[in-house]
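**Q** Show me the folded form of this:
(2 chains)
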Protein chains: 2
Amino acid sequence: MKEYCVGVIGALGAVGEQMRDILAESDLNIGKVKMFERPELEGELAEFAGEEIPCEVATPETLSECDVATMSAGAAVSEKLAPMAADVGCAVVDNSSQWRLDPEVPLVVPEVNPEDLDWNNGIVANPNCSTIQMVVALQPLHKAYDIERVVVSTYQAVSGSGVDAINELREQTEAIVNGEEPEVKVYPKQIAFNALPHIDVFRDNGYTKEEMKMVHETHKIMDEGIEVSPTAVRIPVYRSHAESINVHTASPMDVDKVRELLSEASGVEVMDNPAENEYPTCLTGEDRNEVFVGRIRKDPTIENGINMWVVSDNLRKGAALNTIQIAETMAERDLI
Amino acid sequence: MKEYCVGVIGALGAVGEQMRDILAESDLNIGKVKMFERPELEGELAEFAGEEIPCEVATPETLSECDVATMSAGAAVSEKLAPMAADVGCAVVDNSSQWRLDPEVPLVVPEVNPEDLDWNNGIVANPNCSTIQMVVALQPLHKAYDIERVVVSTYQAVSGSGVDAINELREQTEAIVNGEEPEVKVYPKQIAFNALPHIDVFRDNGYTKEEMKMVHETHKIMDEGIEVSPTAVRIPVYRSHAESINVHTASPMDVDKVRELLSEASGVEVMDNPAENEYPTCLTGEDRNEVFVGRIRKDPTIENGINMWVVSDNLRKGAALNTIQIAETMAERDLI
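**A** Modelled structure (predicted):
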């Protein structure tokens, strides 16, 4: 059985930490791990499965030993570093937006489109968090009923914006609890006890970049024929995104059958018993690997429609977990 | 000019307090106000425009002096008290769910269907908060373009559940800030730093009562022909509900024209300049009378569609303000 040398690029960041944790639990037959960070952090220790591993700087030489590396270093760094790694035979699973819509780079959610890994040229892109959990929940329905259109409104956690945003929610909340004026630094407006219909920058068409990611990435991962009408909203939650999704299909759906299909789908957990107050909340998703689906009900306003509520940990399935699962799937398919 | 005697039933509750504040600023030519509370609170003082007014118990005798009374005492009390008041000539504007779907009782948002007041029999119902702000924003579009279908996801503040819920969010938040375990009492699950897709009780069709209110009340206020597909979600915000609304019309819409129509609409304030980060958040709505609309953009996934984001203070326009506006409109139309 092949042993893999796995690199973690951006090992000390918020996602890097998740990446190390999840990699340590991975089924990948890991022979060696290498930790990479920017030059200022060279030699800093990154914990992996109880060991302290000094961070290296990523160069063709240091990368060449790796079979595959996860990369969470932002789009600008990835633009240079990913091709460099791929050139020396280190396949890269990149977590930034840099390569997601590049026609030569597969954009993959292993439960949905693992076969796209087969045409990779050394770089694979990990989708945006809000897209991942949506397509995992949509794919079983698309296979069975042919999805035509989706209207989605998100309820997104601050951890999607990084450590500074987590601190901002905490600090603003503490200020308000203590009767002080909350300070606004990371987000354009106060996030504590508020809801902001604004994630990432605005585009000319009035949609945000986050919203357009959900459109374009869903097309690339699933099917160009699925129309997506998105609204992305930040709410004062630390972790796990929720999504209210209205699904319109070509074929008639049966709600019990939908529940059954989702229950059987890989990576999905149905939590849908309203009589017992069973439905996922953001706290349900925290630190869990599954995409949780609840509130599944017929939409009587169209011929073939349902509404559902989808929750997942934006740092795990929405980022680090999906990245590691891509690497695992590449190994299963003998691509690394 | 006629002087009105106005009663405030449930004067000391959370909505009653708002009611007194807004009534004091009202254009209604008030000759006298009377405060009503349940027998245990008889004689307690309710502040009105700087005066302290002792609360009375509502009886045919005490009510008969009033031309009109606002009632915020819950459905069970209203079932008995509203007809009793109407019988002695005191028109009731009721804030509970008791009469909303009664075919003999008009359900009114003055900007939308003031003419329905003309067929009242002494009782008028004030709609649910989440419906009011939606229909105020939809009505100008319906007039111009004929709305066929609406998909709406709400972001609702805890004050909609009353004082105990406000305290619960505060106490849970304080507990978490202090590293303690938050206590769950009012809501079925923790609300602090969470999102609950559950408002009011579940119905057999999988929708909550709150969601079905948005369907049935929109039909009654606006048009039976408008299909509404709702998802109602509680988020950790104290005040002002937000709604992500996808609108599908029979006639083609022009986004600039939509913005213009909404700008000219009574009770609406358009706040929609993404380039300058101008859009409403829940905090925008707090203590304001307007229904704020932003993020207006074409929905390219259907022929005639837009998405928009609607915010309003659930305690003012969503409750007390709309109730007082109903009374004012009844006076204008010589109905009291």
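
**Q** Quick one: find the helix or strand in chain A with the lowest mean pLDDT.
**A** In chain A, no helix or strand scores lower on mean pLDDT, DSSP states H and E than helix A:14-24, which sits at a mean of 92.

**Q** Output the contacting helices and strands for that one.
**A** Contact partners of helix A:14-24 among helices and strands, from 3 or more Cβ pairs under 8 Å, 6 or more residues apart in numbering or on different chains; DSSP states H and E: strand A:4-9, strand A:30-36, strand A:45-48, helix A:321-332. The way it works is simple: take the backbone N, C-alpha and C, and place the C-beta from them, glycine included.

**Q** who touches the closest residue to residue A:214 other than its chain neighbours in this structure?
**A** Excluding the flanking residues, the one nearest residue A:214 by Cβ to Cβ, 6 or more residues apart in numbering or on different chains is residue A:230, at 4.4 Å. Going by Cβ atoms under 8 Å, 6 or more residues apart in numbering or on different chains, residue A:230 touches A:151, A:152, A:153, A:154, A:207, A:211, A:212, A:214, A:215.

**Q** nearest to residue B:49, of those residues?
**A** Checking those against residue B:49 with Cβ to Cβ, the nearest one is residue A:153 at 41.5 Å.

**Q** Tell me how far the closest one lies from chain B.
**A** Distance, residue A:153 to chain B, by Cβ to the nearest Cβ, to the nearest Å: 4 Å.

**Q** In which helix or strand does that residue reside?
**A** Taking DSSP states H and E as the definition, one finds residue A:153 inside strand A:147-155.

**Q** for the following helix or strand past that strand, packing partners?
**A** On the C-terminal side of strand A:147-155, the nearest following helix or strand under DSSP H and E is helix A:163-177. Other helices and strands packing on helix A:163-177, by 3+ Cβ pairs under 8 Å, 6+ apart, are helix B:163-177.

**Q** how far does the helix it packs on sit from the chain's center?
**A** How far helix B:163-177 lies from its chain's middle: 23 Å, per Cα atoms, centre = their mean, to the nearest Å.

**Q** got the contacts of residue A:230 as JSON lines, with neighbour count, distance to residue A:259 and pLDDT columns?
**A** Output for the contacts of residue A:230, formatted as JSON lines (neighbours: other Cβ atoms under 10 Å in any protein chain shown; distance: Cβ to Cβ, whole Å; pLDDT from 0 to 100):
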{"residue": "A:151", "neighbour count": "30", "distance to residue A:259": "21", "pLDDT": "98"}
{"residue": "A:152", "neighbour count": "27", "distance to residue A:259": "19", "pLDDT": "98"}
{"residue": "A:153", "neighbour count": "29", "distance to residue A:259": "22", "pLDDT": "98"}
{"residue": "A:154", "neighbour count": "29", "distance to residue A:259": "22", "pLDDT": "98"}
{"residue": "A:207", "neighbour count": "25", "distance to residue A:259": "32", "pLDDT": "98"}
{"residue": "A:211", "neighbour count": "28", "distance to residue A:259": "28", "pLDDT": "98"}
{"residue": "A:212", "neighbour count": "17", "distance to residue A:259": "31", "pLDDT": "98"}
{"residue": "A:214", "neighbour count": "26", "distance to residue A:259": "24", "pLDDT": "98"}
{"residue": "A:215", "neighbour count": "20", "distance to residue A:259": "27", "pLDDT": "98"}
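
**Q** Pick the one among those closest to chain B.
**A** Taking Cβ to the nearest Cβ as the measure, chain B lies nearest residue A:153 of the contacts of residue A:230, at 3.8 Å.

**Q** dump the residue contacts of residue A:74.
**A** Going by Cβ under 8 Å, 6+ apart, residue A:74 touches A:10, A:96.

**Q** Ok, residue A:30 next?
**A** Residue A:30 makes contact with A:3, A:4, A:5, A:6, A:23 under the criterion Cβ under 8 Å, 6+ apart.

**Q** No further questions, thank you.
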